[in-house]
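1. Sequence plus the predicted model coming up.
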Amino acid sequence: MHGPRVAIALARFFPDGLVSAIRDGPGEAVVTALEQTSETPELVWTPAMAASLGAQIATMASDLYREQMKGRVVDWDLPEHASGQEMKDEPQVGGVYVRLFLKDPKFPLRNPKRFLEGLLDQYVSAVAATHYTKEMQPADPELPLLLSAALVSLLRVHPALADHVGYLGYVPKLVAAMAYEGRRETMASEDVKAANHCQPGEFWEPEYGESNLGSQTSQERVRLSCLRVLHQLAASTTCAEAMATASTGTPQVVPLLMKAIGWQGGSVMALETLKRVVVAGNRARDALVAQGLKIGLVDVLLGLLDWRAGGRHGLCMQMKWNESEASVGRVLAVEVLHAFATEGAHCAKVRNILNASDVWSAYKDQKHDLFLPSNAQSAAAGVAGLIESSSARLTYALTAPTPQPALGRLPTSRTTQADARDEASTE
C-alpha cells in the first residue's frame, strides 16, 4: 500500500489532522504529535484518545491471531471507523472542527478552500433540511446557524475566497434559500406599481423592531443566517455581479433585501448589503438599480429618513431602532441613495425622485460617516458586523449630541460638519 490508499486506511483510525501530519512528515514530528495533547480546529488529540486507540488495535490483533491459530483462512478487513477517535458530537467539515474554528478563526488552515467548499455544500443542505415536514426526521435547527457563522468568519479572515464562491455558482443558491425562508412575507413584486406611482406603505412595512432578538423563531434565525452570508459575499465584486444576474424564475436580490430591512435584527445588514452590491465597480449595477426602481426602494429609503412627527408613512417610527441603529441606519440609507444616483442607465430617474423630496434636501450635502463606528470603513465585517458582534457600547467617530426636546427636530445625522467639530471640541 502506498499514497492515497495509506491515507484512507489511516483515516479509519486517526483524525484528519494526524493523517495530514503523517503524510507530510518528517517522522520525528509525527511521533511528537502522537505523544502531545492538541486541540486546534484541525486536530483534537489527547493521551486518553491515544490509549483508547492503542487498546482497540491490540484487541483487533489478538482476535485476528486467535482466528488464525484455528487453522482457518480469515477474511479480515480494516474496520470502517475506530470508535472513540473523534468527538462524535462535534460537526466537522473538510477536516476542520467547526466550533473550534469559530473560537480561533485566524488559525492557519491547511486548506481553507476545501473548508469553504464543504461549508457551502453543507450549509445549503442544512437549510434545505429545515423545510422537511414533521413526518420526516426533524433537522437540527442550529446547524445552519453554526455553518453560516463559520462561513462568515472564514470569509472575513480570507476575503479573497469570496470570489471563489461566485465562480462555484453558490450565490444564486443562497439567494434562493433566503427567498424561501422569507416566502411567507415575500412581496408579490409583480403586483407592485411603477416606482413613480407606488406608495411604500402599500407593500412594505417593518415586521418588528430590533430590540426583541430573543423572540425570533427558528425560521427567522435561518433566514437571517442567509442574509449574513450574502452580506459578507457582497463585498466581493464577483459575487455582487452574480447577485445581479438572476436567471428567469429565480428570485431577485434587491426585493429580498428591501424586505429584509424590516426583519428583526436584519435592517442594518440589509442596508449595508444594498450599499455593497450597487458600488460603481459592479458592472451589473444597472440591473440592481432597475430592480430597486421597480419596487419603490427609493421611496422606502426616503421614508426611513423622514424624521418629522409621523414621518412618511411612519416608517422611521415603525422601525423602533435604538440610538445606534437609527444613526447607522440613516447613514446607510443615504449612502444607498447616493449609490443609486451615481452615473448609470437609470440615474436620471433616481435623481428626479430625490430632487423632488424635501427629506433628501436635508441630507444630501451632509457629512454622515462621523456617525458610524470609528473603524467601520476598514473593518472586514462592515458596520453590521461591528454592531452585531459588539456586546458593549460602540465607539463612534463623533458621539451623538445630547438630545434636546424640540418639535420636528432633525435626526442625529442631520448635524452639519461644522456643528460636528464644535460638538467634538466641547466634549
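-> Happy to help now that I have it. Numbering: from 1, shown residues only.

2. Can you give me the buried ones in the longest helix seen in the chain?
-> Longest helix in the chain by number of residues (criterion: DSSP state H): helix 47-69. Residues of helix 47-69 classed as buried: 49, 50, 53, 56 (neighbour count, 16 or more other CB atoms under 10 Å). Where C-beta positions appear, they are placed from N, C-alpha and C, glycine not excepted.

3. contacting residues for the second one?
-> Applying CB atoms under 8 Å, 6 or more residues apart in numbering, one finds that residue 50 lies in contact with 34, 35.

4. Next one: it from residue 222, what distance?
-> 39 Å (CB to CB, to the nearest Å).

5. in the protein, which spans are strands?
-> 38-40, 43-45, 92-93, 96-97 (DSSP state E).

6. got TSV for those strands, with mean neighbour count and distance to residue 303 too?
-> TSV is the format used below for the strands of the chain (neighbours: other CB atoms under 10 Å; distance: least, CB to CB, whole Å):
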stretch	mean neighbour count	distance to residue 303
strand 38-40	15	50
strand 43-45	21	52
strand 92-93	21	42
strand 96-97	25	44
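
7. Now these in a markdown table, please, with extra columns for mean pLDDT.
-> Formatted as a markdown table, the strands of the chain follow (pLDDT from 0 to 100):
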| stretch | mean pLDDT |
| --- | --- |
| strand 38-40 | 89 |
| strand 43-45 | 88 |
| strand 92-93 | 90 |
| strand 96-97 | 93 |
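
8. quick one: contacts of stretch 270-279?
-> For stretch 270-279, contacts defined as CB under 8 Å, 6+ apart pick out 227, 230-231, 234-235, 237, 240, 243-244, 253-254, 257-258, 260-261, 263, 285, 288-289, 292, 297, 329, 332-333, 335-336, 339-340, 342, 382-384.

9. cool, stretch 230-243 as well?
-> 151-152, 155-156, 159, 162-163, 165-167, 169, 171-172, 174-175, 178, 253, 269-270, 272-273, 276-277, 279, 281-284, 288, 380-382, 384-385.

10. Quick one: low-confidence residue ranges for the stretch 151-300 of the chain.
-> The stretch 151-300 of the chain contains residues with pLDDT under 70 at 182-214, 248.

11. again, only this time at 80
-> 181-216, 246-249, 280 (pLDDT under 80).

12. need the helices for it, in chain order.
-> Per DSSP state H, counting those that start in this stretch, the stretch 151-300 of the chain carries helices over the ranges 161-168, 171-181, 200-203, 218-233, 237-244, 253-260, 267-277, 285-295, 297-305.

13. can the ones you listed go into TSV with extra columns for mean neighbour count and distance to residue 353?
-> Listed next are those as TSV, based on neighbours: other CB under 10 Å; distance: least, CB to CB, whole Å:
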stretch	mean neighbour count	distance to residue 353
helix 161-168	17	31
helix 171-181	22	26
helix 200-203	17	12
helix 218-233	23	26
helix 237-244	22	21
helix 253-260	25	15
helix 267-277	26	16
helix 285-295	21	8
helix 297-305	25	5
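
14. TSV for the strands of the chain, including distance to residue 76?
-> Formatted as TSV, these follow (distance: least, CB to CB, whole Å):
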stretch	distance to residue 76
strand 38-40	31
strand 43-45	27
strand 92-93	28
strand 96-97	32
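
15. Please identify which of those is closest to residue 111.
-> Residue 111 sits nearest to strand 96-97 of all these, at 8.9 Å, using CB to CB.

16. quick one: strands adjacent to that closest one?
-> Using DSSP bridges, the strands paired with strand 96-97 are strand 92-93 (antiparallel).

17. hmm, who's touching the partner strand?
-> Residues outside strand 92-93 that contact it (CB under 8 Å, 6+ apart): 16, 86, 98, 115, 118, 119, 122, 147, 150.

18. ok, so what distance separates residue 238 from residue 244?
-> From residue 238 to residue 244 the distance is 11 Å (CB to CB).

19. How about residue 158?
-> Separation of residue 158 from residue 244 (CB to CB): 24 Å.

20. now do residue 66
-> Separation of residue 66 from residue 244 (CB to CB) stands at 68 Å.

21. same question, residue 150
-> Residue 150 sits 27 Å away from residue 244 when distances are taken as CB to CB.

22. How about residue 274?
-> With CB to CB as the criterion, residue 274 and residue 244 are 12 Å apart.

23. now do residue 263
-> Note on residue 263: its distance to residue 244, by CB to CB, is 22 Å.

24. Next: residue 110.
-> Distance of residue 110 to residue 244, given as CB to CB: 35 Å.
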